[in-house]
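A.B. asks: sharing a sequence plus its predicted fold:
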Amino acid sequence: MTSANRFHYQILRYIPDLQRMEPRNFGVIVQGAGQTRFKINTRFAQKGFVDTEAFRRWRQFLGKEIDDEQTEQLSLFRPAKDTPEFLTHLNQMIKGNFTLSRPMITEYRKTVKIDSVLEDLFMTVVMEKDKKG
């Protein structure tokens, strides 16, 4: 049996009505193999129920926290980006209509790279649900 790679991930969600608490998935964060990546459905803000300026700011926040190399050096209190604690840290920073799921775990064959995992999870948890409505 081939050994597996373990990846942690979170689903990026938007809740249009905080009283109803019915989230809509619009992206995913994946962490594994010493890397953290995210992908967002960029057309999500065009659906009419999302404040496009808030959505833009949220995308910038994620880019700064996950992609920006400088944030690794600037924050003494933030966990390293390649640790599960980093995902918990992100969860604690998010409030309001934009939320993150709890960190979850998935396993793929040892040869599968993080970009393939990101694309697979994105198509499964974001785009499939998006097609239904």
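C.D. replies: Great, that's in hand. Numbers count the residues shown, from 1 in each chain.
A.B. asks: I'd like to know which elements the helix or strand harbouring G27 is packed against.
C.D. replies: Element membership of G27 [criterion: DSSP states H and E] is strand 24-32. On a contact count with 3 or more C-beta pairs under 8 Å, 6 or more residues apart in numbering; DSSP states H and E, strand 24-32 meets strand 4-14, strand 35-40, helix 84-93, helix 114-121, helix 128-132. (Each C-beta comes from the backbone N, C-alpha and C, glycine too.)
A.B. asks: nearest to D51, of the ones you listed?
C.D. replies: strand 4-14 (9.6 Å; C-beta to C-beta).
A.B. asks: the closest one: which residues count as buried?
C.D. replies: Residues of strand 4-14 classed as buried: N5, F7, H8, Y9, Q10, I11, L12, R13, Y14 (neighbour count, 16 or more other C-beta atoms under 10 Å).
A.B. asks: ok, of the residues you listed, which one's closest to K39?
C.D. replies: L12 (8.9 Å).
A.B. asks: ok, and the closest non-adjacent residue to that closest one?
C.D. replies: In this structure, L12 finds its nearest non-sequential neighbour in G27, 3.5 Å apart by C-beta to C-beta, 6 or more residues apart in numbering.
A.B. asks: count of neighbours near the one you found?
C.D. replies: G27 has 24 neighbouring residues, counting by other C-beta atoms under 10 Å.
A.B. asks: circling back to that earlier point, partner strands of the strand holding G27, parallel or antiparallel?
C.D. replies: strand 4-14 (antiparallel), strand 35-40 (antiparallel) (DSSP bridges).
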